[in-house]
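Asker: Sequence and predicted structure, then a few things I'm wondering about:
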Number of protein chains: 2
Amino acid sequence: MRLAELGEFGLLAELERRGLAVGIEHDAAEFEDGVVVTQDALVEDVHFRLDWTSWHDLGYKAAAVNLSDLAASGATPLGLAVTLGAPPATELERVIELYDGLNEPRVPVVGGDTTTAERLYLSVTGVGRSERVPGRAGARPGDVLVVTGPLGASAAGFLCLERGIDSPLVTAHRRPPLRLDQGRALAAHAHALLDISDGLAADAAHIAERSGCRCVIEVERVPVAAGVAVIAARLGRDVDELSCGFGEDYELLAAVENPGGFTVVGRCEAGDGVELLREGRPLRLSGWEHFTNS
Amino acid sequence: MRLAELGEFGLLAELERRGLAVGIEHDAAEFEDGVVVTQDALVEDVHFRLDWTSWHDLGYKAAAVNLSDLAASGATPLGLAVTLGAPPATELERVIELYDGLNEPRVPVVGGDTTTAERLYLSVTGVGRSERVPGRAGARPGDVLVVTGPLGASAAGFLCLERGIDSPLVTAHRRPPLRLDQGRALAAHAHALLDISDGLAADAAHIAERSGCRCVIEVERVPVAAGVAVIAARLGRDVDELSCGFGEDYELLAAVENPGGFTVVGRCEAGDGVELLREGRPLRLSGWEHFTNS
C-alpha cells in the first residue's frame, strides 16, 4: 500500500490503530498536564509576499496564526519559540520590526534560533496550557454550530491585494484576530472546536468527517464582515463564496449544545459531509479556494 | 547594519537587549512552569541518506536528537510532536518502520501532521519539563568539565559509511545514545550543560563564549569509544580529531564544581576560547569538520 492510495487521513488512522501516534484530530499537539504545542512555518513567496505586508505585520501574523491554534485548543499561551532564516543582506532594522510584530500580542518570545537562508523563513512554535481540548471529533446531532466573529474580510483583503485595490480590508488579511478568551470560554463545554483557516465550509467538513455527523450551514445566518459585500460586487464575486469558501478568517467555529453569546451559523445532524443552505434551499459555492497550501 | 555584519550571536544579543526575545543561550526554549521545547528538522540528502540508514533507525535518531536537547535541559520528556513530509509513492510499511523507530525511546508521539513532499522530511518537536535548565552561560573559572560517555564513535561510523567500510561503529552514527537520567542528575547542580552535537572542542567553545571563560580540554583524559583508534589508524586520521573535532556524539558536556561520577576531560579558567592540551602541551586539531549544517 502506498501513501497515495491511503491518503493523509488513512495514514494517521493507521498510525493511531497501531499505537504509534495519538491525538491526531486536534489543532495542537496535546501533552501531559494540559501542555499544548502548535507549529507553523511561513516561507517567503509561498505563504507571504514582502510587497504585500510590512515586516511588523508579518511578525504579528506569524504569532497570531499560532495563537489561533492555541485558542482553538482552549489554551492560555505560555510563549512562542521562533526560528528565523534570513538572507545575510537583511537590514537589522527590518528584523527588529519583525520581532516587534511577533511580540505585539504580548506573549513572550522565547528561544530565538536564527540561521542564514536564501529566502526569509519564519517557524513559530506556540506553547500553552489548556484545561480541556475539545478537538474535532465530538460533535453530535442536535449541536448548533457557532462562530466568534464576522467572516470574509481576509478573503476580500486578499483579492484587493491581488488586484492592487486600496481597501481597509487588506488589514484584515494581514492581521488576523486573536480569540484566546473566546477559545477558553468555548473549550469549557464545546463538543468540537477549531479555528477557521481553510474557510467555514471546509472547516465544518473537518468537524463532520472526524465527528461522524453532517454539518448544515445556514448561509443567511453567517455574519459577513463590513465592506465585504461592496468588494464582492466590485469584483463580480459571490459574498457567500468570500464568507464561507475562502479561509484565513481565524475566527473560531464550535459545535455546542448551547450557543451562549456566540453567533449560530448552523447545526449538526445525523449523516455526513457539509450542506450549505440559503433560506432552506441547497447552495453550491462557486469557488472553493485556499490562500495557502499549508 | 546588515545581518552579515552583525552575525547570529550579535543579532540574538540585540534582540535580547531590546526585550524582544529571551533565553537564547539554551538548547531548548524554556517556558513558564519549567516547560521546555526543542525542535529539529531532518531533510533527506541534507541530514540523512536512505542508503545509509534503515527507516526505523532514522525515526529513532529523529527522536533521539530531540531527547538529547531535552537531556541537556535536565528535562523529563512529556512527548514528541512529529510532522512527516513524504512522496506519495512511499510504502506504508516504510512509514510504519519510521514511526516504530520514533516510538522506540518510549516517549509518546503526539499530534502527527503529514503532508506530501518531494523529498522525505521529518520535523520533530520535543516537549519536556525541567526543574532547572543550566544553559550555557554559567560556567566559572575553577569548574571542571565532564562528559557522560566515550566520544568519537559517531565520527568513525560516519567515515566508515562514507567509504563503504563495514564496521559496528556505523551503528553509533545511526543510533545516538539517550542521556536523560544523566541530564537530570547534572542539571541539578551544573553551571553549564549542553549536548555534544558539534564536537567536544566546538561545544566547549559555546560554553566559553556564553560564560565568558576559557575551556581547557586535556585530550589524554577524553574517553575514546572502543574501535575508534583502529578505524582512525586504518584511515590515516588522528584519534583526537575524531573524539574532539567531529560531532554528533550526543553525550552531555557539563561545567561543574564537583564531577560526581562523571569523567573529567578538562577545566574552566579565566580567559576566553578553547585550549586543547596533550600532556600539558598545546594541540591543534587537524580537522574541524561537522557532519551536518544543522
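Answerer: Yep, that arrived. Numbers count the residues shown, from 1 in each chain, chains lettered A, B, ... in the order given.
Asker: Which residue ranges of the stretch 101-250 of chain A form strands?
Answerer: A:109-116, A:121-130, A:144-147, A:192-195, A:214-218 (DSSP state E, counting those that start in this stretch).
Asker: partners of the third one, with directions?
Answerer: It stands for strand A:144-147. If you go by DSSP bridges, strand A:144-147 pairs up with strand A:252-256 (antiparallel), strand A:263-269 (antiparallel).
Asker: returning to that earlier point: could you tell me the least trusted of the strands of the stretch 101-250 of chain A?
Answerer: Among those, strand A:109-116 carries the lowest mean pLDDT, at a mean of 75.
Asker: so what does that one touch, helix or strand wise?
Answerer: Judged by 3 or more Cβ pairs under 8 Å, 6 or more residues apart in numbering or on different chains; DSSP states H and E, strand A:109-116 is in contact with strand A:75-86, helix A:92-103, helix B:3-17, strand B:29-30. C-beta: built from backbone N, CA, C; applies to glycine.
Asker: can you redo those as TSV with mean neighbour count?
Answerer: Shown next, in TSV, are the helices and strands packed on strand A:109-116 (neighbours: other Cβ atoms under 10 Å in any protein chain shown):
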stretch	mean neighbour count
strand A:75-86	24
helix A:92-103	20
helix B:3-17	16
strand B:29-30	26
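Asker: As TSV, the ones you listed with distance to A:Arg278 and mean pLDDT would be great.
Answerer: Shown next, in TSV, are those (distance: least, Cβ to Cβ, whole Å; pLDDT from 0 to 100):
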stretch	distance to A:Arg278	mean pLDDT
strand A:75-86	35	90
helix A:92-103	39	95
helix B:3-17	50	83
strand B:29-30	47	86
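Asker: Select, out of these, the one closest to A:Val36.
Answerer: strand A:75-86 (4.9 Å; Cβ to Cβ).
Asker: The closest one - which strands sit beside it in the sheet, and in what orientation?
Answerer: Applying DSSP bridges, strand A:75-86 is found paired with strand A:109-116 (parallel), strand A:121-130 (antiparallel).
Asker: Output the helices and strands packed on strand A:109-116 as a markdown table; include the columns distance to B:Leu120.
Answerer: Formatted as a markdown table, those follow (distance: least, Cβ to Cβ, whole Å):
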| stretch | distance to B:Leu120 |
| --- | --- |
| strand A:75-86 | 20 |
| helix A:92-103 | 30 |
| helix B:3-17 | 28 |
| strand B:29-30 | 26 |
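Asker: can you count the residues close to the closest residue to A:Ala172 other than its chain neighbours?
Answerer: Using Cβ to Cβ, 6 or more residues apart in numbering or on different chains and skipping residues adjacent in sequence, the residue nearest A:Ala172 is A:Ala153, 3.5 Å away. A:Ala153: 29 surrounding residues under other Cβ atoms under 10 Å in any protein chain shown.
Asker: and A:Glu44, which of the strands of the stretch 101-250 of chain A is closest to it?
Answerer: Between A:Glu44 and these, the shortest gap by Cβ to Cβ is with strand A:121-130, which sits at 6.9 Å.
Asker: Surely A:Ala208 touches A:Ile217?
Answerer: No: using Cβ atoms under 8 Å, A:Ala208 is not in contact with A:Ile217; the gap is 10.6 Å.
Asker: Show me which residues of the stretch 101-250 of chain A are close to chain B?
Answerer: Within the stretch 101-250 of chain A, the positions near chain B by Cβ under 8 Å from any Cβ of the partner chain are A:102-103, A:108-112, A:114-116, A:123, A:125, A:127, A:129.
Asker: pLDDT below threshold where in chain A?
Answerer: A:24-26, A:111-112, A:286-294 (pLDDT under 70).
Asker: try it again with 50
Answerer: For chain A, the stretches with pLDDT under 50 are A:287-294.
Asker: Need the single longest helix in it, by residues.
Answerer: Looking across chain A with DSSP state H, the single longest helix is helix A:55-72.
Asker: for that helix, packing partners?
Answerer: So helix A:55-72, by 3+ Cβ pairs under 8 Å, 6+ apart, packs with strand A:35-43, strand A:75-86, helix A:92-103, strand A:121-130, helix A:169-174, helix A:180-187, strand A:192-195.
Asker: Could you rerun that using 6 Å?
Answerer: Packing partners of helix A:55-72 (3 or more Cβ pairs under 6 Å, 6 or more residues apart in numbering or on different chains; DSSP states H and E): strand A:35-43, helix A:92-103, strand A:121-130, strand A:192-195.
Asker: quick one, which of these is nearest to B:Pro77?
Answerer: Nearest of these (Cβ to Cβ): strand A:35-43, 11.6 Å.
Asker: Name the residues that touch the closest one?
Answerer: Strand A:35-43 is contacted from outside by A:28-30, A:48, A:62, A:65-66, A:69-70, A:73, A:75, A:121-130, B:35, B:81, B:125, B:127, using Cβ atoms under 6 Å, 6 or more residues apart in numbering or on different chains.
Asker: same check, this time on stretch A:93-104
Answerer: Identification of contacts with stretch A:93-104 by Cβ under 6 Å, 6+ apart yields A:Trp55, A:His56, A:Gly59, A:Tyr60, A:Ala63, A:Val109, B:Leu15, B:Leu20.
Asker: do that again at 7 Å, thanks
Answerer: A:54-60, A:62-63, A:80, A:82, A:86, A:109, B:3, B:11, B:15, B:18, B:20-21 (Cβ atoms under 7 Å, 6 or more residues apart in numbering or on different chains).
Asker: for that stretch, the distance to its chain's centre please.
Answerer: Counting by Cα atoms, centre = their mean, to the nearest Å, stretch A:93-104 is centred 22 Å from the centre of its parent chain.
Asker: Tell me which of the helices and strands packed on strand A:109-116 sits nearest to B:Gly183.
Answerer: B:Gly183 lies closest to strand B:29-30 among the helices and strands packed on strand A:109-116, at 14.3 Å (Cβ to Cβ).
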